[in-house]
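Undergrad: What follows is a predicted protein model with its sequence.
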Amino acid sequence: MATGQVEGVRRLDKKALFADLGYVPHPGQVAIHESHASRRIVACGVRWGKTLAAAMEALAAAMEPRDRSIGWVVAPTYDLAERVFNQVVLVVASHLRHRIVSLKEHDRRLILRNLGGGISEIRGKSADNPVSLLGEGLDWCVVDEASRMRPSIWENHLSQRLIDKKGWGLLISTPRGKGYFYDLFKRGQGNDPAYQSWNMPSWENPLLDRAVIEQERTRLPDGVFKQEFGAEFLEGSGSVFRNVRECATGTWKAPEYDARYYAGLDLAKVEDFTVHLFMNKAREVVHFERYNRTDWAIQLNRIKTACDRYNKAYVLVDSTGSGEPMYEALLRAGCRAKGYGFTAASKAALITSLALALEQRQIVLPRPELCPVLIDELEAFEFSISDSGNTRTGAPSGMHDDCVIALALAAWDLRPEQRRHSTTITHFIR
Ligand SMILES: Nc1ncnc2c1ncn2[C@@H]1O[C@H](COP(=O)(O)OP(=O)(O)OP(=O)(O)O)[C@@H](O)[C@H]1O
Ligand SMILES: [Mg+2]
């Protein structure tokens, strides 16, 4: 067996196991299950069958006859990690119930008796809590939606866990730009026998209705379709804002005498943060505050103090729903507050305007080390396809967009007068 290939795992007849589990992989999935490479990278379109294939690989590994084994199924966020882990649990519960030694769903920890009578552990992990990724050596690791994960998670956490036990890794995802996942994919196309990679569009899943895909092709912006269904690695196609780092050259600035400032305010809902962000007329971000779990009256006071300090800044606030009482309280407190009503259309206009300003480098953001959360949120903000099939923009699941909205609100009244607002967000997709 060539170096880099997985030793031992061939002892299990995967085909027979899958048949027992009632899983008939389609040809694309077969290619992955049959590979012996110790690093497998799979870049496939939506609904291709990624999560199911990943879950089946995890189960096959856990059924391997060994004294002990441990592997992780990892996804970028809590929700996604739960989805893969639940998929594993579902199959185990319906076909392998007699093999369960213990199942702690809240810990996402499943212990099974494997085909050799030994103990195999499967743990579901979310990459948004890197601390939980420290520790034990792993026999295998499956990563779903790998391209949506920070590169450091694979490089510094997961691949490190595989070294001691010469474990294998399977990374599976829709493509997303040309980041670390693309680099791994390229490596799998080269001569290194340890790496093998595949790139398959959604329509290579024979179970998926071709007519539905063609309908999506006409409905979706070209770039979104190519990435999500065509599984193409396109530069920046999933991200809404370009030139974020190029714009991040500024620094905080104290208020200048007689200058006029514009603030954007995004209020915390339940889980997220309140952000207020100030810009000067040159469209430089000069001041930023972000906090959560703060009493309403204290928030009001904090916002008013900042507005007063910045020469009674104009503040644009999301006045929809729960934002309305704060907007009115700010007015009563003597702030120069203006409301911005959020609808799907008004949000799209706001985001489009910010995207255009960043594209044209008309905004100066603080340097990344001064405000990493702002830069991260802007870079992560993405196009996605909602469950109802519409294209939407927003933070990836598990991430926030409060900084983005506060910035977009602050920049709104600073957009050049002559700008026509008919431009829609789709013009940014190539
Ligand atoms: N070989 C197969 N046999 C039967 N059903 C399958 C097979 N592969 C995938 N499916 C089904 O197709 C659907 C999509 O599969 P899955 O969720 O694994 O795809 P995905 O690529 O992870 O999709 P998404 O991009 O939405 O995450 C699921 O209902 C799954 O059960
Ligand atoms: Mg999936």
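TA: Received, thanks. Ligands and ions are numbered 1, 2, ... in the order given.

Undergrad: Now do the same for the closest residue to ligand 2 within the stretch 51-200 of the chain: its pLDDT.
TA: Closest contact between the stretch 51-200 of the chain and ligand 2, by CB to the ion, is at Thr51 (3.3 Å). To be clear about C-beta, it is placed using only N, CA and C from the backbone, and glycine gets the same treatment. Listed pLDDT for Thr51 reads 93.

Undergrad: Neighbours of it, how many?
TA: Applying other CB atoms under 10 Å, we find 21 residues neighbouring Thr51.

Undergrad: Please apply the same query to Thr320.
TA: 15.

Undergrad: Same question for Tyr78.
TA: Neighbours around Tyr78, by other CB under 10 Å: 17.

Undergrad: got it, and Gln360?
TA: Count around Gln360 with other CB under 10 Å applied: 12.

Undergrad: ditto for Ala93
TA: Counted with other CB under 10 Å, Ala93 comes out at 12.

Undergrad: Over to the one 3 residues further on?
TA: Counted by other CB under 10 Å, the residues lying close to Leu96 total 17.

Undergrad: Start the count at 37 instead of 1 going forward.
TA: Sure thing, new numbering starts at 37, so read that last one as Leu132.

Undergrad: looking at the sheet around the residue lying closest to it once chain neighbours are set aside, what are its partners?
TA: Leaving aside its chain neighbours, Leu132 sits nearest to Leu148 (6.9 Å; criterion: CB to CB, 6 or more residues apart in numbering). Bridge pairing for Leu148 (DSSP bridges) gives the partners Ile136, Ser156.

Undergrad: who are the neighbours in contact with Leu148?
TA: Ala98, Met99, Val128, Leu132, Arg135, Ile136, Val137, Ile155, Ser156, Glu157, Ile158 (CB atoms under 8 Å, 6 or more residues apart in numbering).

Undergrad: Tabulate the residues you listed (JSON lines), appending distance to Arg197 and pLDDT.
TA: Shown next, in JSON lines, are those (distance: CB to CB, whole Å; pLDDT from 0 to 100):
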{"residue": "Ala98", "distance to Arg197": "16", "pLDDT": "97"}
{"residue": "Met99", "distance to Arg197": "21", "pLDDT": "96"}
{"residue": "Val128", "distance to Arg197": "23", "pLDDT": "95"}
{"residue": "Leu132", "distance to Arg197": "25", "pLDDT": "94"}
{"residue": "Arg135", "distance to Arg197": "24", "pLDDT": "96"}
{"residue": "Ile136", "distance to Arg197": "24", "pLDDT": "97"}
{"residue": "Val137", "distance to Arg197": "22", "pLDDT": "97"}
{"residue": "Ile155", "distance to Arg197": "19", "pLDDT": "97"}
{"residue": "Ser156", "distance to Arg197": "16", "pLDDT": "98"}
{"residue": "Glu157", "distance to Arg197": "13", "pLDDT": "97"}
{"residue": "Ile158", "distance to Arg197": "14", "pLDDT": "97"}
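
Undergrad: ok, those residues vs ligand 1, which is closest?
TA: Nearest to ligand 1 among those is Val128, at 15.3 Å by CB to the nearest ligand atom.

Undergrad: State the helix or strand in which the closest one lies.
TA: Using DSSP states H and E, Val128 maps to helix 114-131.

Undergrad: Only the buried residues of that helix, if you could.
TA: 114, 116-125, 127-128 (16 or more other CB atoms under 10 Å).

Undergrad: repeat for stretch 364-382
TA: For stretch 364-382, by 16+ other CB under 10 Å, it's Ala365, Leu366, Cys371, Ala373, Lys374, Gly375, Tyr376.

Undergrad: Just the ones in helices from these, please.
TA: Ala365, Leu366 (DSSP state H).

Undergrad: Let me have the buried residues of stretch 364-382 in TSV, extended by pLDDT and distance to Ala284.
TA: Listed next are these as TSV, based on pLDDT from 0 to 100; distance: CB to CB, whole Å:
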residue	pLDDT	distance to Ala284
Ala365	95	33
Leu366	96	29
Cys371	96	28
Ala373	96	28
Lys374	95	27
Gly375	95	29
Tyr376	95	25
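
Undergrad: Next, check the buried residues of stretch 364-382 against the strands and list the overlap.
TA: Ala373, Lys374, Gly375, Tyr376 (DSSP state E).

Undergrad: ok, back up a step: so which of the buried residues of helix 114-131 comes closest to Tyr297?
TA: Closest to Tyr297 out of these is Tyr114 (37.6 Å), distances taken as CB to CB.

Undergrad: That closest one and Glu93, how far apart?
TA: 21 Å (CB to CB, to the nearest Å).

Undergrad: Where do the strands of the stretch 337-466 of the chain begin and end?
TA: For the stretch 337-466 of the chain, applying DSSP state E, counting those that start in this stretch gives strands covering 350-354, 372-376, 401-402, 418-421, 427-430.

Undergrad: So which of those is nearest Lys317?
TA: Across the strands of the stretch 337-466 of the chain, closest to Lys317 is strand 350-354 (CB to CB), at 11.1 Å.
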